[in-house]
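In: I need the structure of the sequence given here:
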Amino acid sequence: QVQLEESGGGLVPAGGSLRLSCAASGRVASSYAMGWFRQAPGKEREFVAAISWSGGSSYYADSMKGRFTISRDNAKNTVYLQMNSLKPEDTAVYYCNAPVRLRVAVPGDYWGQGTQVTVSS
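Out: Predicted structure coming up:
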């Protein structure tokens with residue numbers, strides 16, 4: 001069993017930045033590829049970014065490339081999502097997930113409770 005807890009969401013003006021954190025606990029959490037998904041009101045949950053267990057490989061949805069950066073610190077069992085140049089359309093609940101199937105961006109069984117990101121225009 002793996003527990004995931006997100007933090008770092010909030011309200012930010014367009015063009016601003018936020019850093020989300022996902023603290024993982026439980027069995028073999030540091031060996032999982034992990035990622036972020038988001039869900040905006042009235043829309044389906046979508047892939048944002050993912051990172052391999054070692055941190056050596058990362059993947060992004062096209063609309064996030066160049067603006068978002070995923071990283072991890074396995075010593076702290078924590079994954080981060082640095083979000084820059086935020087746009088109102090980035091407004092959503094952001095969820096941490098593991099273990100992510102990297103190249104196909106398919107989420108695994110474990111989800112956090114989500115953290116709200118709101119970008120004002």
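
In: mind checking the longest strand of this structure?
Out: With secondary structure taken from DSSP state E, the chain has its longest strand at strand 18-26.

In: residues making contact with that strand?
Out: The set of residues external to strand 18-26 that reach it, using Cβ atoms under 8 Å, 6 or more residues apart in numbering, is 1-10, 12, 30, 32, 34, 36, 76-83, 86, 94, 96, 98, 112, 115, 117. C-beta: built from backbone N, CA, C; applies to glycine.

In: In its sheet, which strands sit next to it, and in what direction?
Out: Partners of strand 18-26 in the sheet, by DSSP bridges, are strand 2-7 (antiparallel), strand 78-83 (antiparallel).

In: just those: most buried one?
Out: Mean neighbour counts were taken over the strands paired with strand 18-26 using mean count of other Cβ atoms under 10 Å, and the top value, a mean of 22, falls to strand 78-83.

In: Any idea how far whatever helix or strand comes next after it is from the middle of the chain?
Out: Next in sequence after strand 78-83, counting helices and strands by DSSP states H and E, comes strand 92-98. Strand 92-98 has its average C-alpha position 5 Å from the chain's average C-alpha position, going by Cα atoms, centre = their mean, to the nearest Å.

In: elements contacting the helix or strand that strand 92-98 is followed by?
Out: Elements were assigned by DSSP H and E; along the chain past strand 92-98, the next helix or strand is strand 110-111. With contacts defined as 3 or more Cβ pairs under 8 Å, 6 or more residues apart in numbering; DSSP states H and E, the packing partners of strand 110-111 are strand 2-7, strand 92-98.

In: follow-up on the earlier one: distance from the chain centre to the longest strand of the chain, please.
Out: Once both centres are worked out by Cα atoms, centre = their mean, strand 18-26 turns out to sit 8 Å from its chain's centre.

In: Return the set of buried residues in that strand.
Out: Taking 16 or more other Cβ atoms under 10 Å as the neighbour-count basis, strand 18-26 is seen to contain the buried residues 18, 20, 21, 22, 23, 24.
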